[in-house]
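*Asks:* kindly generate the corresponding structure for this input.
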Amino acid sequence: MNKPRHYRGGFKFAGPARRARELRKHQTSSEELLWLRLRNCQLLNFKFRRQHQLAKYIADFYRHDAQLVIECDGSAHDPNEQWQHDRSRDAYMRSQGLKVLRFSNERILNDIESVLGEIKRYLVSRNQPGVGGEKFK
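*Replies:* Alright, predicted model coming up:
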């Protein structure tokens, strides 16, 4: 029988937990706006975690059952060094069976409804009977 994967990607240590707490206290405006729309199961009754540790990485938003990571990308993600880090991180997350959705801060701030629509489409596609996801409650 398959053992369910630990919600931190199989890593039981709390490595960057302090950093995650710092990031929660100092959100960007786009993270704050998206969190206002995701928190308290507002989006299709799904619970999201904010600034969630997965191994040595911290995801902006994470939905365990859907194996979904949502990232908000601002100007800090533009330099080549950060872009390389993001690629390595995304590759690790994909190797763990996670889907990574990336949205620019500008898009989140200026078109939050289309961002939420894209997230909804992914969640619904994962939760259709026969597709391998959980059913809606």
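*Asks:* could you use CA atoms for every contact and neighbour count after this?
*Replies:* Fine.
*Asks:* Arg37 versus Glu113, what's the distance?
*Replies:* 10 Å (Cα to Cα, to the nearest Å).
*Asks:* what ranges does this protein have for its helices?
*Replies:* For the chain, the helices defined by DSSP state H occupy 17-25, 29-38, 80-95, 105-110, 112-126.
*Asks:* now the ones you listed in JSON lines, with distance to Asp60?
*Replies:* Listed next are those as JSON lines, based on distance: least, Cα to Cα, whole Å:
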{"stretch": "helix 17-25", "distance to Asp60": "9"}
{"stretch": "helix 29-38", "distance to Asp60": "8"}
{"stretch": "helix 80-95", "distance to Asp60": "12"}
{"stretch": "helix 105-110", "distance to Asp60": "12"}
{"stretch": "helix 112-126", "distance to Asp60": "14"}
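*Asks:* make CSV out of those helices and add mean neighbour count and mean pLDDT.
*Replies:* As requested, these are arranged in CSV below (neighbours: other Cα atoms under 10 Å; pLDDT from 0 to 100):
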stretch, mean neighbour count, mean pLDDT
helix 17-25, 14, 62
helix 29-38, 17, 94
helix 80-95, 14, 80
helix 105-110, 16, 96
helix 112-126, 15, 94
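*Asks:* looking at these, which is nearest to His64?
*Replies:* Nearest to His64, of all the helices of the chain, is helix 112-126, at 11.4 Å by Cα to Cα.
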